[in-house]
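Engineer: build me a structure from this.
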Amino acid sequence: MTADGTRRGSARSVAVLGAGSWGTTFAKILADAASAAGDERRIRLWGRRSEVVEQINSSHRNVQYLKDIRLPPSITASTDVAEVLAGADLVVLAVPAQSLRLQLREWKPLIAADAVVVSLMKGLELGTDSRMSEVISEELGIPADRIAVVSGPNLAMEIAREEPTASVVACADAAAAGWIARSCTSPYFRPYTTADVVGVEIGGIVKNVIALAVGICEGKQMGDNTKASVITRGLAETSRLALALGGEARTMAGLAGLGDLVATCSSPLSRNHTAGRLLGQGLTLDELALKMTQTAEGIKSGPAVHELAGKLGVDMPITAAVVAVLAGKLSVDQLGPLLLARDLKPEGDY
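Structural biologist: As a prediction, this is how the structure comes out:
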């Protein structure tokens with residue numbers, strides 16, 4: 001950082017908190033970006049489970065989440081969050097959305113005063129309806145120009161395999177967004193930047209709920225017309241909520257809106273799509289929890305999205321139907337007719 005507070009180049013020391021599939025993959029992106037740029041960069045990954053941490057350090061793999069993908073040796077891992085955060089100028093958060101607030105209260109004294117904090121999380125907090133950037137701001141007490149969000153069509157396994165993808169870095173400060181983008185530009189990962197934090201976050205949150213709906217349709221063996229209709233009208237729902245909160249329509253047409261929605265709703269690698277499909281096949285939520293090893297964030301965030309929409313007077317029939325299924329108020333057999341249940345009106349009338 002220069003004397004006037006401007007950040008130059010890219011991050012020098014990075015802490016990634018969360019050793020799941022996306023956190024580990026993003027650590028790999030950061031390591032490969034540094035290698036491609038000829039930079040020296042410390043990348044430390046915090047994991048809750050000692051066996052995962054040991055595996056990353058000894059064999060450079062995270063088999064539970066990324067199978068046989070080899071991680072760069074510049075990534076080290078630890079269960080000691082203080083060790084991971086020490087001296088980090090970039091702190092990346094990749095933990096379950098509903099646990100973030102309590103974890104930040106523990107981590108706050110360990111985060112450097114001038115660090116930039118990046119959220120990889122796509123959830124809305126139950127009880128407060130807060131976006132993750134809002135939780136970060138409230139708990140860490142840092143300004144908006146040091147809080148960023150990374151989102152887009154980011155299926156972790158595909159990126160870990162180095163299949164080309166684009167993403168979006170959202171931050172109120174354009175210079176900070178550019179600094180983060182330079183830090184994670186690798187031969188296979190291309191970030192764009194925007195100031196629309198609200199739109200990017202809402203796109204990443206609501207698409208999980210829509211993916212549950214599409215998955216249920218697939219589990220019920222409904223056709224591609226049905227799924228395409230739900231995806232398209234799901235984008236309209238997402239846009240209505242984003243615009244009501246101050247987001248931008250063009251964000252919804254971009255990578256963090258349409259791009260993320262299509263990937264999450266159509267890929268078997270998507271946890272929310274998979275969860276929806278299993279629900280459509282007749283599994284209960286308890287059975288689903290036993291079968292899936294990773295969190296389907298839409299199950300947790302769906303009620304918060306529905307509640308927020310109600311407060312704002314935003315019509316979201318697909319979200320409402322999915323939440324009713326999750327609450328046991330509606331069977332998956334009753335879901336279909338409600339997915340497109342709006343008054344007749346022109347398509348472009350949100």
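Engineer: and the closest residue to residue 142 other than its chain neighbours, how many neighbours?
Structural biologist: The spatial neighbour of residue 142 that comes closest, neighbours along the chain excluded (Cβ to Cβ, 6 or more residues apart in numbering), is residue 117 at 6.7 Å. In short, each C-beta sits where N, CA and C put it, glycine included. Look at residue 117: counted by other Cβ atoms under 10 Å, it has 22 neighbours.
Engineer: can you tell me the helix or strand for residue 117?
Structural biologist: The secondary structure element spanning residue 117 is strand 116-119 (assigned by DSSP states H and E).
Engineer: tell me what the helix or strand following that strand is packed against?
Structural biologist: If you walk from strand 116-119 toward the C-terminus, the next helix or strand you reach (DSSP H and E) is helix 132-140. Other elements packing on helix 132-140 under the criterion 3 or more Cβ pairs under 8 Å, 6 or more residues apart in numbering; DSSP states H and E are helix 100-107, strand 116-119, strand 147-151, helix 197-219.
Engineer: tell me, how many residues neighbour the closest residue to residue 45 other than its chain neighbours?
Structural biologist: Leaving aside its sequence neighbours, residue 45 sits nearest to residue 77 (Cβ to Cβ, 6+ apart; 4.3 Å). With neighbours defined by other Cβ under 10 Å, the count for residue 77 comes to 25.
Engineer: for residue 77, which residues are in contact?
Structural biologist: Under the criterion of Cβ atoms under 8 Å, 6 or more residues apart in numbering, the contact partners of residue 77 comprise 19, 44, 45, 46, 47, 52, 53, 56, 57.
Engineer: same question for residue 164.
Structural biologist: Contacts for residue 164 (Cβ under 8 Å, 6+ apart) come out as 188, 189, 190.
Engineer: where's the residue nearest to the last one when sequence neighbours are not counted, which helix or strand?
Structural biologist: Distances taken as Cβ to Cβ, 6+ apart put residue 166 closest to residue 190, at 4.7 Å, once the chain neighbours are dropped. Element membership of residue 166, judged by DSSP H and E, is strand 165-171.
Engineer: so for the strand holding residue 117, mean pLDDT?
Structural biologist: When pLDDT is averaged over strand 116-119, the result is 98.
Engineer: so which elements touch that strand?
Structural biologist: Using 3+ Cβ pairs under 8 Å, 6+ apart, the elements in contact with strand 116-119 are strand 90-93, helix 132-140, strand 147-151, helix 174-183.
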